[in-house]
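Student: can't give you the sequence, but here's the structure:
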């Protein structure tokens, strides 16, 4: 204990997850209904079931990711002709029409970010589960990026919303949202929940457990 | 004021120290931001929130974008797309867009007024800490700045097909994003929490 870092957990304190008040005298897991005296949030030293929840949400997001990219997100109905567009065909359209900065934005926000976010979360989960000691500071930074960047994936959903609102010219041209949009919105929401349920403190906890074990040996 | 604080990302304990104006305290172990000191933080946030509230109303009431193709004209407000998605049976997508681009930002603005106005006049209204906790937990779901990027993309996509006329609401919306960003930059939630201490 005296070799361990001075963390709230080692000092028998709990830092409230929502207002960061340090609370004394609560000993979870027995005291599961302890409540922060300042903001009323449920107190727990680490996010509950962080690893299992994050895994479940990551897997759910992968299940949604495929239909989100394969099914059309928009259908353009123009003079009796129907043209379906997936996210990728939208990117290709922008590349072909010469607006490659927009193509890049869509590609990064809609295809690259959700995927890299899921792989980063898997990497963090596994690194915590095998009690890795590899660069905890950088892994915490990776987590911070994962959490901050996810919201930008929503951009394609907003594009669809605006297109659907504007292009409503009857038989001349109408744009409808396709089923891919439902799955895509699902991916964004689920990956955001996944990032929120991962607890970066676990990266550092495992670190200390390793240190202690080594010292005992 | 609490004298000890735990890093919310690695749980390391730190002694709280007075900071110079505009200073930021970071965790020595993982580099997470612990707390900041902003002069007149709450007054600034209150002013920005009040501005944001006015802009929010303008952005939702006035015409947002108008689509013109030859003789046909389609005028929209911010909510038109959401209603249209709902009519197409995409109620899940409509719900997500409604929550992230309208309801959450509105609740955040109202909530911040509810918390900051009484604090300004030293009143302690009903359930204030719980409301502030809720506002903070909603915050990641307000995505107006992402919506703005969506507008830009839609603009480029339709520019070759028709004329798009920006309305007053669009300008209010753009201003609102800057106001919300400034308000987020000016607020350190710990300043509010310190004033909501149960004992004081």
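Tutor: Sure thing, it's come through. All of these numbers come straight from a predicted model, not from anything done at the bench.
Student: Go ahead and name everything in contact with the helix or strand where residue B:108 lies.
Tutor: Element membership for residue B:108 (DSSP states H and E) is helix B:104-120. Surrounding helix B:104-120, the residues in contact under the criterion CB atoms under 8 Å, 6 or more residues apart in numbering or on different chains are B:42-43, B:45-46, B:49-50, B:52-53, B:56, B:124-125, B:128, B:131-132, B:134-135, B:138-139, B:141-144, B:180, B:183, B:192, B:195. To be clear about C-beta, it is placed using only N, CA and C from the backbone, and glycine gets the same treatment.
Student: redo that, cut-off 6 Å
Tutor: B:42, B:46, B:49, B:52-53, B:56, B:125, B:131-132, B:135, B:138, B:141-142, B:144, B:195 (CB atoms under 6 Å, 6 or more residues apart in numbering or on different chains).
Student: Backbone dihedrals for the closest residue to residue A:15 other than its chain neighbours, please?
Tutor: Excluding the flanking residues, the one nearest residue A:15 by CB to CB, 6 or more residues apart in numbering or on different chains is residue B:6, at 3.6 Å. Reported as degrees, to the nearest 10, the phi and psi values for residue B:6 are phi -100, psi 140.
Student: and residue B:6, what is it in contact with?
Tutor: Neighbours of residue B:6 in contact, by CB under 6 Å, 6+ apart: A:8, A:15, A:22, B:13.
Student: Apply 7 Å and report the result again.
Tutor: By CB atoms under 7 Å, 6 or more residues apart in numbering or on different chains, the contact set of residue B:6 is A:7-8, A:13, A:15, A:22, B:12-13.
Student: again, but for residue A:43
Tutor: Contacts of residue A:43 by CB under 7 Å, 6+ apart are A:14, A:16, A:23, A:26, A:34-36.
Student: Mind giving me the PyMOL command for buried ones among those?
Tutor: The buried residues among these can be selected in PyMOL (16 or more other CB atoms under 10 Å in any protein chain shown) with this line:
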select buried, chain A and resi 14+16+23+26+34+36
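Student: So which of the contacts of residue A:43 sit within strands?
Tutor: Counted as lying in strands by DSSP state E, out of those, are A:14, A:23.
Student: hang on, the earlier thing: quick check: buried residues in the helix holding residue B:108?
Tutor: Going by neighbour count (16+ other CB under 10 Å), the buried part of helix B:104-120 is B:104-105, B:107-109, B:111-112, B:114-116, B:119.
Student: same check, this time on stretch B:129-140
Tutor: Buried residues in stretch B:129-140, counted by 16+ other CB under 10 Å: B:129, B:131-136, B:138, B:140.
Student: Can I get those in TSV including distance to residue A:71, secondary structure and pLDDT?
Tutor: Listed next are the buried residues of stretch B:129-140 as TSV, based on distance: CB to CB, whole Å; DSSP: H, G, I helix; E, B strand; the rest coil; pLDDT from 0 to 100:
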residue	distance to residue A:71	secondary structure	pLDDT
B:129	44	helix	88
B:131	40	helix	89
B:132	41	helix	91
B:133	38	helix	91
B:134	35	helix	91
B:135	36	helix	91
B:136	36	helix	90
B:138	30	helix	90
B:140	27	helix	91
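Student: so which of those also contact chain A?
Tutor: By CB under 7 Å from any CB of the partner chain, the members of the buried residues of stretch B:129-140 lying near chain A are B:129, B:133, B:136, B:140.
Student: Just flag the most distant two among these.
Tutor: B:129 and B:140 (19.7 Å; CB to CB).
Student: can you tell me the residue of chain B closest to chain A?
Tutor: Residue nearest to chain A within chain B: residue B:150 (2.9 Å; CB to the nearest CB).
Student: Per-residue pLDDT of that residue, please?
Tutor: Per-residue confidence for residue B:150 comes out at a pLDDT of 93.
Student: Repeat that for residue B:191.
Tutor: 85.
Student: Please apply the same query to the one 4 residues further on.
Tutor: As summarised for this prediction, residue B:195 has a pLDDT of 82.
Student: Reformat the contacts of residue B:6 as TSV; add neighbour count, distance to residue B:162 and pLDDT.
Tutor: Shown next, in TSV, are the contacts of residue B:6 (neighbours: other CB atoms under 10 Å in any protein chain shown; distance: CB to CB, whole Å; pLDDT from 0 to 100):
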residue	neighbour count	distance to residue B:162	pLDDT
A:7	21	59	83
A:8	23	58	84
A:13	19	61	85
A:15	23	54	87
A:22	16	58	86
B:12	21	57	90
B:13	18	60	90
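Student: Quick check: what element follows whatever helix or strand residue B:52 lives in along the chain?
Tutor: Residue B:52 is part of helix B:41-61, with elements assigned from DSSP H and E. As assigned by DSSP H and E, the chain's next helix or strand after helix B:41-61 is strand B:65-69.
Student: Could you give me the buried positions within the helix or strand following that following strand?
Tutor: Next in sequence after strand B:65-69, counting helices and strands by DSSP H and E, comes strand B:72-76. For strand B:72-76, burial by neighbour count (16+ other CB under 10 Å) applies to B:74, B:76.
Student: which secondary structure elements does the helix or strand just after strand B:72-76 contact?
Tutor: Toward the C-terminus, strand B:72-76 is succeeded by helix B:80-87 as the next helix or strand (DSSP H and E). Packing partners of helix B:80-87 (3 or more CB pairs under 7 Å, 6 or more residues apart in numbering or on different chains; DSSP states H and E): helix A:155-166, helix B:91-98.
Student: can we see that at 10 Å?
Tutor: Helices and strands touching helix B:80-87, as assessed by 3 or more CB pairs under 10 Å, 6 or more residues apart in numbering or on different chains; DSSP states H and E, comprise helix A:155-166, strand A:174-177, strand B:72-76, helix B:91-98.
Student: most tightly surrounded among these?
Tutor: helix A:155-166 (a mean of 27; mean count of other CB atoms under 10 Å in any protein chain shown).
Student: contacting residues for the nearest residue to residue A:19 once chain neighbours are set aside?
Tutor: Spatially, and ignoring its direct neighbours in sequence, residue A:19 is nearest to residue A:39 (4.1 Å; CB to CB, 6+ apart). Applying CB atoms under 10 Å, 6 or more residues apart in numbering or on different chains to residue A:39 gives the contacts A:16-21, B:128-134, B:136, B:193, B:196, B:198.
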